[in-house]
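A.B. asks: Prediction below, plus the sequence it came from.
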Amino acid sequence: MATLTEELAAMRLAALGDGTVPGRIPPERAAIMHRVTADQRTSGYRARMPVVGSAMPGFLLPDTDGTMVDSAAVLARGPMIVSFFRGAW
């Protein structure tokens, strides 16, 4: 059974290739991904991230249908799970 590190390395190889084996992501798009990742790292976002176990601030955000969701209203009914995903698909 592969370790998580090995599985992630295999996924990275499949996506980006290794110079001898092409990946499924075209090189020009991979370059954009690498640039954005570098920009994020230099932005200092990690210093502003909440630590594990800290309370999440209240929010009002749209769900996948565009309906606004108030975290206080959800929490009044019971526990809440928040999942973030990127992409416009």
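C.D. replies: All right, it came through fine.
A.B. asks: contacts, neighbours, all on C-alpha from now
C.D. replies: Will do.
A.B. asks: residue ranges for the strands of the protein, please.
C.D. replies: Using DSSP state E, the strands of the chain run over residues 60-62, 68-70.
A.B. asks: Can you list the strands that the first one pairs with?
C.D. replies: To tie it back to what came earlier, the one meant is strand 60-62. Strand 60-62 has the following strand partners under DSSP bridges: strand 68-70 (antiparallel).
A.B. asks: Rank the helices and strands of the chain by mean pLDDT and give me the bottom one.
C.D. replies: Ranking every helix and strand in the chain by mean pLDDT, DSSP states H and E puts helix 45-48 at the bottom, with a mean of 87.
A.B. asks: Just the CA trace of that helix, in PDB.
C.D. replies: What follows is helix 45-48, C-alpha atoms only, in PDB (Å, rounded to 0.1, in the frame of the first residue of the first chain):
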ATOM      1  CA  TYR A  45      -1.200  34.400   3.800                       C
ATOM      2  CA  ARG A  46      -0.100  31.600   6.100                       C
ATOM      3  CA  ALA A  47       0.600  34.100   8.800                       C
ATOM      4  CA  ARG A  48      -3.000  35.300   8.600                       C
END
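A.B. asks: for it, packing partners?
C.D. replies: Helix 45-48 sits against no helix or strand, with contacts defined as 3 or more CA pairs under 8 Å, 6 or more residues apart in numbering; DSSP states H and E.
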